[in-house]
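Visitor: Provided below are the primary sequence and the corresponding predicted coordinates.
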Amino acid sequence: MSPSSSESIDLEQLQQISGGDPEFEQELLQLFVEDAAAQVEALRAAIAQQNGSAIEETAHHLKGASANVGATAIAQAASKLETSAYTKQSEQQRVLFEACSRVYLRSVSTCSRSITIRVLEFEHHA
């Protein structure tokens with residue numbers, strides 16, 4: 001099941017990756033949020049410096065990390081940014097970065113809610 005436009009994480013994919021282990025899901029989401037924050041900041045710097053190769057490399061990393069945890073909206077936004085860097089469409093990079101950043105912030109909110117829900121469910125069943 002794909003995430004809706006209001007949901008930034010495909011929770012079914014995350015559960016599949018984690019083998020249904022809520023503690024592992026929590027760990028994956030926390031690691032993702034930390035890594036994605038660093039990648040978003042690296043993208044911000046690369047765009048400010050107009051460093052196309054750094055934009056392409058960082059967007060590719062963010063795309064893969066996002067896809068791994070079911071953050072498909074970020075993966076799609078990062079893919080567009082990666083393509084713009086590859087095709088040297090620098091005029092689009094700021095707009096695409098802002099879109100990617102907004103999706104990232106929504107995804108972080110979704111991750112935080114998911115972590116809280118998973119912990120509560122785990123504690124309730126323990």
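Guide: That came through, no problem. Only a predicted model underlies this, so the values are computations on that prediction, with no experimental measurement involved.

Visitor: residues making contact with the helix or strand encompassing residue 55?
Guide: Here residue 55 sits within helix 52-69, counting by DSSP states H and E. For helix 52-69, the external contacting residues (C-beta atoms under 8 Å, 6 or more residues apart in numbering) are 9, 13-14, 17, 28-29, 32, 35-36, 39-40, 42-43, 45-47, 71-72, 74-75, 78-79, 81-82, 84-86, 88, 90, 93, 100, 107. In short, each C-beta sits where N, CA and C put it, glycine included.

Visitor: following it, which helix or strand shows up next?
Guide: If you walk from helix 52-69 toward the C-terminus, the next helix or strand you reach (DSSP H and E) is helix 72-86.

Visitor: pLDDT of that next one, averaged?
Guide: If you average the pLDDT over helix 72-86, you get 91.

Visitor: how far out from the middle of the chain is it?
Guide: Averaging C-alpha positions (C-alpha atoms, centre = their mean, to the nearest Å) puts helix 72-86 11 Å from its chain's average.

Visitor: Next, the angle from it to helix 52-69.
Guide: Counting by axes from the mean of the first three to the mean of the last three C-alpha atoms, to 10 degrees, helix 72-86 lies at 160 degrees to helix 52-69.

Visitor: And helix 72-86, what does it pack against?
Guide: Packing contacts for helix 72-86, counted by 3 or more C-beta pairs under 8 Å, 6 or more residues apart in numbering; DSSP states H and E, involve helix 52-69, helix 90-125.

Visitor: of those helices, which approaches residue 21 most closely?
Guide: When the helices and strands packed on helix 72-86 are compared for distance to residue 21 using C-beta to C-beta, the nearest one is helix 90-125, at 9.2 Å.

Visitor: how about low-confidence regions in the protein?
Guide: 1-7, 112-126 (pLDDT under 70).

Visitor: what do you get if the cut-off is 90, keeping everything else the same?
Guide: Counting by pLDDT under 90, the ranges of the chain that qualify are 1-15, 20-23, 25-30, 33-34, 69-73, 84-126.

Visitor: okay, the helices and strands packed on helix 72-86, which one's buried deepest?
Guide: Highest mean neighbour count of the helices and strands packed on helix 72-86: helix 52-69, a mean of 20 (counted as mean count of other C-beta atoms under 10 Å).

Visitor: Alright, calling it a day.
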